[in-house]
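J.: Got a predicted structure plus its sequence, pasted below:
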Amino acid sequence: MRPRFSRTRRAASALVIAAALVTLAATPAQAAPAGIANPDFEAGNSSWNQFSTPFGGIPLINASSVYPAHSGSWKAELGGRGITGVNRISQQLTVPAYRVPVLSFWLRIDPQTPATMGFRELDVEATAPDGKSYLLTSRTNKDSSGAYEKVTLTLPDAFYSSSDQQVNLSFLAVEDSSNKLPFLVDDVTMDFRLKVFRPWIPPVILRPATGL
């Protein structure tokens with residue numbers, strides 16, 4: 001992790017570990033047969049698990065008009081509490097056999113001053129069936145544009161299998177007390193594509209011509 005977030009991430013990790021029993025005790029979201037369930041958040045909290053520490057404040061998935069959604073009225077609003085902590089939404093989904101999962105979502109990061117310093121971070125992670133977590137991408141307030149932008153990510157080979165497998169997708173926002181603007185996430189989709197295999201073609205060996 002980048003040095004500027006080291007202390008914040010250590011503190012946030014400790015809070016997450018301390019609340020692990022609460023998270024495990026919560027009823028998990030039902031796995032979607034394929035793709036993301038409630039991808040545009042218009043069904044509210046349905047199909048998404050939420051975790052926040054410190055607790056309190058506006059719900060992570062909301063229809064607040066303070067920050068607009070990319071489409072419809074609902075979106076995920078991660079971070080922006082102005083205090084050191086973490087916000088996370090996650091969902092378990094099924095990746096079909098022999099398919100490459102490709103994640104897409106719309107992300108808005110509002111401009112912030114000073115733009116040369118990173119006060120908050122969004123990590124998009126996927127956890128394989130063996131429990132190993134993979135960081136798909138990371139964004140900070142330095143990546144802000146003030147408008148929704150589409151992000152498309154191909155999951156690594158660990159999520160390609162000869163059988164259906166359940167994986168966990170999560171959006172995790174980490175921030176300190178130096179800002180109050182959130183990461184806005186909306187219209188999350190997961191496509192499944194066929195893997196393209198290029199056939200191996202043996203090299204052509206050219207032999208020098210010999211005289212008759």
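T.: Sure thing, it's come through.
J.: Tell me which stretches of this protein form helices.
T.: 6-18, 20-25 (DSSP state H).
J.: burial measure for A97, as a count.
T.: 12 (other C-beta atoms under 10 Å). To be clear about C-beta, it is placed using only N, CA and C from the backbone, and glycine gets the same treatment.
J.: and the nearest residue to A69 once chain neighbours are set aside, how many neighbours?
T.: Once flanking residues are discounted, A69 sits nearest to K75: 3.9 Å by C-beta to C-beta, 6 or more residues apart in numbering. Close neighbours of K75, defined as other C-beta under 10 Å, add up to 28.
J.: Quickly list what K75 is bridged to.
T.: K75 has these beta-bridge partners by DSSP bridges: N62.
J.: Check the helices of the chain for me: which has the lowest mean pLDDT.
T.: Lowest mean pLDDT within the helices of the chain: helix 20-25, at a mean of 34.
J.: what sits up against stretch 62-77?
T.: By C-beta atoms under 8 Å, 6 or more residues apart in numbering, the residues outside stretch 62-77 that reach it are 40-44, 48, 58, 60-61, 89, 106, 108, 110, 148, 171, 182-187.
J.: residues in contact with the residue nearest to the spatial centre of the chain?
T.: In the chain, the centroid-proximal residue (C-alpha atoms, centre = their mean) is V124; its distance is 2.5 Å. Going by C-beta under 8 Å, 6+ apart, V124 touches L103, F105, L135, L136, T137, S138, V151, L153, L169, S170, F171, L172.
J.: hey, which helix or strand in this structure has the poorest pLDDT?
T.: helix 20-25 (a mean of 34; mean pLDDT, DSSP states H and E).
J.: Return the distance of the residue nearest to E175 when sequence neighbours are not counted relative to K150.
T.: Distance criterion C-beta to C-beta, 6+ apart; nearest residue to E175, sequence neighbours excluded, is R120 at 3.8 Å. Remark: distance between R120 and K150 (C-beta to C-beta, to the nearest Å) = 21 Å.
J.: returning to what we had before: check what pLDDT the residue nearest to the centre of the chain gets.
T.: 98.
J.: What pLDDT is listed against the residue lying closest to it once chain neighbours are set aside?
T.: Nearest residue to V124 in three dimensions, chain neighbours excluded: L136, at 4.6 Å (C-beta to C-beta, 6+ apart). As predicted, L136 sits at a pLDDT of 98.
J.: how close does L136 sit to P203?
T.: From L136 to P203 the distance is 36 Å (C-beta to C-beta).
J.: Over to Y98?
T.: 30 Å.
J.: Who has more neighbours out of the two?
T.: Applying other C-beta under 10 Å to Y98 and P203 shows that Y98 carries more neighbours, namely 13 against 5.
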